[in-house]
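Colleague: Sequence below, structure please.
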Amino acid sequence: MAERKIRVAVAGLGNCASSLIQGIYYYRDKRDIEASGLMHEDIGGYKPWDIEIVAAWDIDVRKVGFDVSQAIYAQPNCTTVFYLNVPKMGVKVRMGKILDGYPHHMKNYPPENAFVLSEEKEDDLETVVRVLAESKADVLINYVPVGAEQAARFYAQACLEAGVSFINCMPTFIVSDPEWAKKFEDAGIPVVGDDIKSQVGATITHRVLTQLLLERGVKIDRTYQLNVGGNTDFLNMLERARLETKKRSKTEAVTSMIPYGLDPRSVHIGPSDYVPWLKDKKLAFIRIEGRLFGDVPMNLELRLEVEDSPNSAGVAIDAIRCAKLARDRGISGPLYSISAYTMKHPPVQYKDHVARQMVEEFIAGLRDR
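Modeller: As a prediction, this is how the structure comes out:
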């Protein structure tokens, strides 16, 4: 019988973590009511409310040293509060390793929009490993900022040494990197990544539309996806040097669907700008140009508006439970099914309907990974 609780550590208490943790308690209160918004209510006997936060790291003075239940509502978090009274957990937010997790241009913005660095002593690798072990964490979910390549690998290494599963929600290529993947497999640790693909976000919508056109015989010539938002993720990404892996991840998520090569000049996919008053709202503008029967031109344009962080949490809640299910079954290395279904840059790309079927088979015990 699987252990009921899933003990989760969090690196980065931003908007995505806030939505995830709010959701754990929101669905706990809805457990006897037909609740909407879940892709799976039950995964191998695990429900959303079986997730328990046991450790957390951040670098902002308004979060470090505070209970997780307070930190998730602190600035610069600006996501919708759909569950106000997350109970005190007795888990204090620790000072994380900064490394490249703090873009210097954020110092030029008001505190309500950007990080305010804590001056507390940073936890080193040995300390993070010890905290993961002492808290008996099953899984660490990585929410460090886009472009924080060193910080993401720091927490991945800590998981490797502590025997903890790593879920990489950011576009640093770790789970999809064969060298890292082999390390986790050799250590007997299941992992999920890279770069979370929202429940109904720009990437999944773009992929589905692309697949629809291809299946209906349309020859795709050009496409773009422009995204704007007002949270710290978009503010962080104003530093274009931090976008290399993000743009690659988002672009390959779409172009991997197309069985012929497109001229790179005919594809533009990625974050476009920061609009502070949008807060956690994300606007996506998608255009696909192609040719129908007789090479007659057609084009499709779509505007998508979503609250960014709950959209992410709706996927993370499944990735966490699948990682724990894999641990229960003694499975190690990258979980290809849930990674393909929930991530933009998984170790292996599959069409979304195929990935979904693979996840159902994994949950039912018909597939190893």
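Colleague: hey, where'd the helices end up in the protein?
Modeller: Per DSSP state H, the chain carries helices over the ranges 15-29, 68-71, 125-134, 149-162, 178-186, 202-215, 232-236, 244-255, 308-328, 336-342, 352-363.
Colleague: who does the second one touch, helix- and strand-wise?
Modeller: Counting contacts by 3 or more CB pairs under 8 Å, 6 or more residues apart in numbering; DSSP states H and E, helix 68-71 is packed against strand 51-58. (Glycine included, C-beta is placed from N, CA and C.)
Colleague: Could you check the angle the strand it packs on makes with helix 125-134?
Modeller: Put simply, strand 51-58 runs at 170 degrees to helix 125-134, going by axes from the mean of the first three to the mean of the last three CA atoms, to 10 degrees.
Colleague: Sheet-wise, list the partners of strand 51-58 with their directions.
Modeller: Paired strands of strand 51-58, with direction, are strand 6-11 (parallel), strand 94-95 (parallel) (DSSP bridges).
Colleague: quick one, that strand and helix 308-328 angle?
Modeller: Going by the same axes, to 10 degrees, strand 51-58 makes 120 degrees with helix 308-328.
Colleague: residues making contact with strand 51-58?
Modeller: 5-14, 17, 21, 24, 64, 68, 71, 89, 91-97, 118, 123, 128, 131-132, 135-137, 140, 155, 317, 320-321 (CB atoms under 8 Å, 6 or more residues apart in numbering).
Colleague: circling back to that earlier point, please identify the most buried of the helices of the chain.
Modeller: Ranked by mean neighbour count under mean count of other CB atoms under 10 Å, the helices of the chain are led by helix 336-342, which reaches a mean of 27.
Colleague: Give the residue farthest from the middle of the chain.
Modeller: Taking CA atoms, centre = their mean, the residue of the chain most remote from its mean C-alpha position is Gly294, at 41.6 Å.
Colleague: Please read off the pLDDT at it from the model.
Modeller: Among the per-residue scores, Gly294 shows a pLDDT of 98.
Colleague: Then Met1?
Modeller: Looking at Met1, its pLDDT reads 44.
Colleague: Out of the helices of the chain, which gets nearest to Pro110?
Modeller: helix 232-236 (10.7 Å; CB to CB).
Colleague: Would you mind measuring from the residue farthest from the centre of the chain to Gly330?
Modeller: Separation of Gly294 from Gly330 (CB to CB, to the nearest Å): 56 Å.
Colleague: go on, Tyr336?
Modeller: Distance, Tyr336 to Gly330, using CB to CB: 17 Å.
Colleague: Equivalent analysis for Gly270, please.
Modeller: 39 Å.
Colleague: Pick out whichever of the two has more residues nearby.
Modeller: Gly270 (18 against 9; other CB atoms under 10 Å).
Colleague: who's that one bridged to?
Modeller: Applying DSSP bridges, one finds that Gly270 bridges with Leu226.
Colleague: That one is in contact with Leu243, isn't it?
Modeller: Yes: in this structure, Gly270 is within contact of Leu243 by CB atoms under 8 Å, at 6.4 Å.
Colleague: And for Ala35, the neighbour number?
Modeller: By other CB under 10 Å, 13 other residues sit near Ala35.
Colleague: Could you pull up the residues touching it?
Modeller: Each residue near Ala35 by CB under 8 Å, 6+ apart is listed here: 27, 41.
Colleague: Recalculate using a threshold of 10 Å.
Modeller: Applying CB atoms under 10 Å, 6 or more residues apart in numbering to Ala35 gives the contacts 26-27, 29, 41, 48.
Colleague: follow-up on the earlier one: ok, which of the helices of the chain comes nearest Tyr83?
Modeller: Closest to Tyr83 of these is helix 15-29 (CB to CB; 4.0 Å).
Colleague: who does that closest one touch, helix- and strand-wise?
Modeller: Contacts defined by 3 or more CB pairs under 10 Å, 6 or more residues apart in numbering; DSSP states H and E place helix 15-29 against strand 6-11, strand 51-58, helix 68-71, strand 139-142, helix 232-236, helix 308-328.
Colleague: same thing but 7 Å
Modeller: With contacts defined as 3 or more CB pairs under 7 Å, 6 or more residues apart in numbering; DSSP states H and E, helix 15-29 has these neighbours: helix 308-328.
Colleague: now for the helix it packs on, which elements pack on it?
Modeller: strand 6-11, helix 15-29, strand 139-142, strand 165-168, strand 190-193, helix 336-342.
Colleague: any idea how far Leu300 is from the residue farthest from the centre of the chain?
Modeller: Separation of Gly294 from Leu300 (CB to CB): 18 Å.
Colleague: before we move on, what about Glu252?
Modeller: 21 Å.
Colleague: for Asn236, same thing?
Modeller: Per CB to CB, Asn236 is found 30 Å from Leu300.
Colleague: Check Asp67 too.
Modeller: Asp67 sits at a distance of 47 Å from Leu300 (criterion: CB to CB).
Colleague: And Asp177, by the same measure?
Modeller: Separation of Asp177 from Leu300 (CB to CB): 34 Å.
Colleague: Repeat that for Ile196.
Modeller: Going from Ile196 to Leu300 by CB to CB gives 25 Å.
Colleague: which of the two has more neighbours?
Modeller: Using other CB under 10 Å as the criterion, Ile196 and Leu300 rank with Ile196 on top: 28 against 15.
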